[in-house]
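Chemist: Compute the structure for the input listed below.
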Amino acid sequence: MTAEAPYRDLAESAWRWVLDQVRWQDGPWIPEEVGGADVPDIPLERDGTYVGVGGLAHVLTEIRLSRPWTAEEQTLAGAIVERAVGSPTARTARTSTAWSAASEYSLH
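Modeler: Have a look, this model is predicted:
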């Protein structure tokens, strides 16, 4: 076992938890809060970099530097780009590095 293996395993477990929080309704979104039995509402800033799926583009970019994406991650990246291009609320965020990174990597 390499010295970094436990950290990689921890990171993969944490990322799996994040992926399990992604909801799909008119594209991907993540709840602002997790917990309880209530079904969360779609956040107003669902596409944003800080509280929305736009922030996941940063993570996907970093993951791509260390290993190939899974099919699930490729689907998520493509959906983030599709949402950014097609959503009026996301168009203003489209120029952020998160959207640029997701677009660049999902199309290769």
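
Chemist: Tell me the helices and strands packed up against the helix or strand encompassing Val59.
Modeler: According to DSSP states H and E, Val59 maps onto helix 54-66. Helix 54-66 sits against helix 5-21, helix 71-86, helix 97-106, with contacts defined as 3 or more CB pairs under 8 Å, 6 or more residues apart in numbering; DSSP states H and E. Yep, even glycine has a C-beta here, placed from its N, CA and C like the rest.

Chemist: Could you list the buried residues of it?
Modeler: Using 16 or more other CB atoms under 10 Å as the test for burial, helix 54-66 gives 54-57, 59-61, 63-64.

Chemist: Looking at the helices and strands packed on helix 54-66, which is nearest to Pro43?
Modeler: Closest of these to Pro43 is helix 5-21, at 12.1 Å (criterion: CB to CB).

Chemist: Please identify the buried residues of that closest one?
Modeler: Trp15.

Chemist: any weak-confidence spans in the chain?
Modeler: 87-108 (pLDDT under 70).

Chemist: Apply 80 and report the result again.
Modeler: Filtered on pLDDT under 80, the chain yields the residue ranges 1, 35-39, 86-108.

Chemist: Tell me how many other residues surround the closest residue to Gln25 other than its chain neighbours.
Modeler: Distance criterion CB to CB, 6 or more residues apart in numbering; nearest residue to Gln25, sequence neighbours excluded, is Ile42 at 6.5 Å. Ile42 has 15 neighbouring residues, counting by other CB atoms under 10 Å.
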